[in-house]
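Trainee: okay, structure incoming, though there's no sequence with it:
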């Protein structure tokens, strides 16, 4: 089954005092481009997440966002009396030195002291980061599964659209072949009439040489090879879709080949009916190519 490169999944979870929310989204891209926005204070988290995404996905511009919040518990913060004592001793020395030099300092505030690094010790609140990382990785598994499920559902819808477009291309190809066959006798008569007119107005012209030139024109106007290649491309496209996953690049190349044959068919067309079919072919192929851009 085909997979789309478009997908989205979100999830929330918690572990101890920590709560988090995930967002995983992707759009089409030439390769696999992973952009992770996760906290860097959880050791090994980004590396593990990147490895899982690389293993599960083949193509797409993928963005993963993780936001973590923490509920502050009561009594989790304690005063480091040793650091505070050292800070007060240093402050006393500074104030005495200022007095000795006749400098007046503003009174110190308790809030300013508490803001100094290490005076308030929050280690009582800190969970083991390794345990938090394990909880996050376990919670990521269902997020990734939901994300892949959405891409698969989108791929299933894409598959039905592409099959319908390929069927339409096949039908138009056979319609073009029937149009060519219907006009074959008219084309032959037109070439013979042209040959007669040329011979009437070209005194001394070599009839064999003129016939050769007209034959070359007839060959250049023949679209048999283009129709055969269109049929071959239809078969190749159906085979690719039958293979399932990771065919986006091949399908994209095949749509370019479809378009090339349709362009040649239009340029060789000698009647309005065949031109109409060629233009419709180009329109369907263009629509198909837009859809193929989303296939992984």
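Mentor: Yep, that arrived. All values reported here derive from a predicted model rather than from experimental measurement.
Trainee: going by C-alpha atoms from here, please, whenever you check contacts or count neighbours.
Mentor: Noted.
Trainee: mind listing the strands for the stretch 101-250 of the chain?
Mentor: Ranges of strands in the stretch 101-250 of the chain, per DSSP state E, counting those that start in this stretch, are 120-121.
Trainee: so where is it shaky, pLDDT-wise?
Mentor: Scanning the stretch 101-250 of the chain for pLDDT under 70 picks out the ranges 111, 113-115, 117-127, 185-192, 194-221.
Trainee: hmm, try it at 50
Mentor: For the stretch 101-250 of the chain, applying pLDDT under 50 flags the ranges 122-127.
Trainee: quick one: the helices in it, in order.
Mentor: Assigned by DSSP state H, counting those that start in this stretch, the helices in the stretch 101-250 of the chain fall at 110-114, 129-201, 207-221, 224-243, 248-268.
Trainee: I'd like to know which of those helices is closest to residue 279.
Mentor: Taking CA to CA, helix 248-268 is the member of the helices of the stretch 101-250 of the chain nearest to residue 279, at 7.1 Å.
Trainee: name the residues of that closest one that are buried.
Mentor: Under the neighbour-count criterion of 16 or more other CA atoms under 10 Å, helix 248-268 has 248, 251-252, 254-255, 257-259, 261-263, 265-266, 268 buried.
Trainee: and that helix, how far from the chain's centre?
Mentor: Computed by CA atoms, centre = their mean, to the nearest Å, the chain-centroid distance of helix 248-268 equals 22 Å.
Trainee: by contact count, what packs against whichever strand or helix holds residue 62?
Mentor: Per DSSP states H and E: residue 62 is located in strand 60-70. For strand 60-70, the packing partners by 3 or more CA pairs under 8 Å, 6 or more residues apart in numbering; DSSP states H and E come out as strand 18-27, strand 32-37.
Trainee: so which of these is nearest residue 178?
Mentor: Evaluated with CA to CA, these place strand 18-27 nearest to residue 178, the distance being 41.5 Å.
Trainee: follow-up on the earlier one: tilt between the strand holding residue 62 and strand 18-27?
Mentor: Relative orientation of strand 60-70 and strand 18-27, computed by axes from the mean of the first three to the mean of the last three CA atoms, to 10 degrees: 170 degrees.
Trainee: highest mean neighbour count out of the helices of the stretch 101-250 of the chain?
Mentor: Among the helices of the stretch 101-250 of the chain, helix 248-268 has the highest mean neighbour count (mean count of other CA atoms under 10 Å), at a mean of 18.
Trainee: just checking, next helix/strand downstream of it?
Mentor: Toward the C-terminus, helix 248-268 is succeeded by helix 272-292 as the next helix or strand (DSSP H and E).
Trainee: which elements pack onto that next one?
Mentor: The helices and strands touching helix 272-292, judged by 3+ CA pairs under 8 Å, 6+ apart, are helix 129-201, helix 248-268.
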